[in-house]
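Trainee: here is a sequence together with a model predicted from it:
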Amino acid sequence: MDSTVELLWGMRPPPNRGPKPGFTIQEIARAAMDIADAEGLAALSMQRVAGELGFTKMALYRYVSGKAELIAVMIEEAVGEPLDLSAVPGGWRGKLQQWAHQLWETWDRHPWLPGATIGERVMGPKEVGWTEIAVAALAGTGLSGSEQMDAVLLLSGHVRNTRSTASAGTQPWTTQRQPGPDLSTLPDHAAGRFPALSAAIASAGDPTPDRSREFGLQRLLDGLEVLITQRTR
C-alpha cells in the first residue's frame, strides 16, 4: 500500500526501533503550515521544518518520506474536520452556500492550499469528508450521482477561481486584491477605445471584496435550483 495512504488514513504502524518520536505528525504539519502561510510553499523545505522543530533533517524523515508527503499532511491538517451541515437552514441550497463560504475562509487562511491541491495525489479522510458533505447535501434532490458530483466540482472550481484576484487572474479594472474600479494602469484614451467596459466600471459603484465570488456562487446555485425543480416535478 502507498506510504502516503497509510500515513493520512492512520494505517502506518509506529516505529519499533530508535528513540520514541518527540512530535506528532500533526505538530510537524502545523510547523510546516506556519512557514507556508507566511512565505508560501516555495519557502518550505525539509531542512527548514526540521530547524523550526529543533532537530535534524534526517530525523524528520522518520515521520515523513519527503516534501510531497509533508505537503499531504499539511493539506489534511489545514482543511480540518468537515462541517456538520445538518442544522444549516435552507435545504440543499443553504448547505452548499455555507460549504462554499467555509471553503473560502479556509483557503484565505492558507493561501498555498489552492496550488497544493492541484493534480493527481492522495487525499486524506478530512479532505474527502468535505466532498462527502457537499454531495450529501444534494441527496434527495432528484440529481443523479454523476450530476451531484459535477455540481460539487463546479462549486469547488468557482471557489478556487475567485479565492483572490491573484489566483483568478489580472483584470483591467483592478490592481488590488479585491475587485474594484481602477483604470490607473491603462492609457488615458482607454475609455474611448473600450466604451462598454468603461461604462460598466463607471456604473459599478463601490464594490465589496466578496462581490465576484458571491455573485458567481448565487448564479451557480440558481442554475442548480432550476434543474432540481425540473427533476422533482
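Mentor: Cool, got the structure.
Trainee: mean confidence for the lengthiest helix in the chain?
Mentor: Of all segments of type helix in the chain, defined using DSSP state H, the longest is helix 211-232. In this model, helix 211-232 has a mean pLDDT of 94.
Trainee: packing partners for it?
Mentor: Judged by 3 or more CB pairs under 8 Å, 6 or more residues apart in numbering; DSSP states H and E, the packing partners of helix 211-232 are helix 91-109, helix 145-161. (Glycine included, C-beta is placed from N, CA and C.)
Trainee: the first one: what's the following helix or strand?
Mentor: Once the chain leaves helix 91-109, the next helix or strand it forms, by DSSP states H and E, is helix 113-116.
Trainee: pull out the buried residues from that next one.
Mentor: Residues 113-114, 116 are the ones in helix 113-116 that count as buried (16 or more other CB atoms under 10 Å).
Trainee: three-state assignment of the closest residue to A68 other than its chain neighbours?
Mentor: Nearest residue to A68, sequence neighbours excluded (CB to CB, 6 or more residues apart in numbering): T4, at 7.5 Å. Going by DSSP: H, G, I helix; E, B strand; the rest coil, the secondary structure assigned to T4 is helix.
Trainee: poorly predicted segments of the protein, please.
Mentor: Low-confidence segments of the chain (pLDDT under 70): 1, 14-21, 164-186, 188, 205-209.
Trainee: mind running it again at 50?
Mentor: Within the chain, the ranges that satisfy pLDDT under 50 run 165-166, 168-169, 175-181.
Trainee: residues near Q98, how many?
Mentor: Per other CB atoms under 10 Å, the neighbour tally for Q98 reads 17.
Trainee: change the start of the numbering to 15 and stick with it
Mentor: In the new numbering, first residue 15, that becomes Q112.
Trainee: now the closest residue to it other than its chain neighbours: how far from G143?
Mentor: Across the structure, with CB to CB, 6+ apart as the measure, the residue nearest Q112 apart from its sequence neighbours is V102 (4.9 Å). To G143, V102 is 16 Å away according to CB to CB, to the nearest Å.
Trainee: so who does the nearest residue to L117 once chain neighbours are set aside touch?
Mentor: Using CB to CB, 6+ apart and skipping residues adjacent in sequence, the residue nearest L117 is V173, 4.9 Å away. Taking CB atoms under 8 Å, 6 or more residues apart in numbering as the criterion, V173 is in contact with 114, 117-118, 121, 227.
Trainee: select only the buried ones of those in PyMOL?
Mentor: Of those, the buried ones go into a single PyMOL selection, burial set by 16+ other CB under 10 Å:
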select buried, resi 114+117+118+121+227
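Trainee: between the contacts of V173, which is nearest T70?
Mentor: T70 lies nearest to W121 out of these, by CB to CB, at 32.8 Å.
Trainee: excluding residues flanking it in the chain, which one is nearest V19?
Mentor: Closest residue to V19 apart from its sequence neighbours, by CB to CB, 6+ apart: V136 at 5.5 Å.
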